[in-house]
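[1] pasting a predicted model and its sequence here:
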Amino acid sequence: MTADAERWNESYRREEPPPWDIGRPQPRFAALAGTGVFRGRVLDCGCGTGEHALMAAAEGATVVGVDLSSYAIEQARRKADARGLTVRFEAGDALELPAPDEPFDVVIDSGVFHSFDDNDRPRYVASLRRQLRVGGTCYLMVFSEREPGDWGPRRVTEEELRAAFAEGWDVSLERAIFDINPFEGVTKVQAWFATLRRNE
């Protein structure tokens, strides 16, 4: 197990859940339920304990959830069993996912992109590209620079997002809100929600 994987495992083993593990989909992703976007093959990249993957499965999609934390994956599998939903949950590194036998129609990223530094961001975008078919869509939400303070993950600017996905993607951005478990007295965090369509 890598040091990064163990660090993420520890974040889930604590008595209190980590800030991002709110026990339900983020509201901006939940708003997509019922709109028909979660169909075909869906990848939840950095799925944590599985709430977004399970939401997509409930919509009828064929879903794979991947996370670096094997502990979170175990929790996600238990949730799937309890809810009677079929999702393939696997431990894996988002930077090193192999090309799938069949590309995905949709990729979900809720709070993963902002965890990478400048060196790893291009690797991550390339990994997303490998997973997604041409014409497929990635829905991605990240911490925004509009959030004050310096606690938590690195803030991401609109310019950084547009630059990261400048080649081979159609990019649409909107302001959004992350709900988090109370942390430093905060329960809502400024975010960017990106709709990214692979166009080549």
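    All right, it came through fine.
[2] mind showing which ranges of this structure have poor pLDDT?
    1 (pLDDT under 70).
[3] hey, where'd the helices end up in it?
    In the chain, the helices defined using DSSP state H lie at 3-13, 27-30, 51-58, 70-83, 120-131, 158-164.
[4] spatially central residue for the chain, please.
    residue 109 (2.3 Å; CA atoms, centre = their mean).
[5] who's in contact with that residue?
    45-46, 128, 138-141 (CB atoms under 8 Å, 6 or more residues apart in numbering). All C-beta atoms are positioned from the backbone trio N, CA, C, and that covers glycine.
[6] before we move on, what about residue 86?
    Residue 86 neighbours (CB under 8 Å, 6+ apart): 57, 63, 80.
[7] repeat that for 10 Å
    54, 57, 62-63, 80 (CB atoms under 10 Å, 6 or more residues apart in numbering).
[8] picking that back up, now, the most widely separated pair of the contacts of residue 109?
    Distance extremes for the contacts of residue 109: the farthest pair is 128 and 141 at 13.8 Å, using CB to CB.
[9] higher neighbour count, the two?
    residue 128 (26 against 23; other CB atoms under 10 Å).
[10] which residues does the more buried one contact?
    43, 45, 94, 97, 104, 107, 109, 112-113, 136, 138, 140, 164-165, 169, 196, 198.
[11] re the thing from before, quickly list what the residue nearest to the centre of the chain is bridged to.
    residue 140 (DSSP bridges).
[12] against residue 55, how distant is it?
    Remark: distance between residue 109 and residue 55 (CB to CB, to the nearest Å) = 14 Å.
[13] before we move on, back to that, just the closest of the contacts of residue 109 to residue 12, please.
    For the contacts of residue 109, the nearest to residue 12 is residue 46 (12.8 Å; CB to CB).
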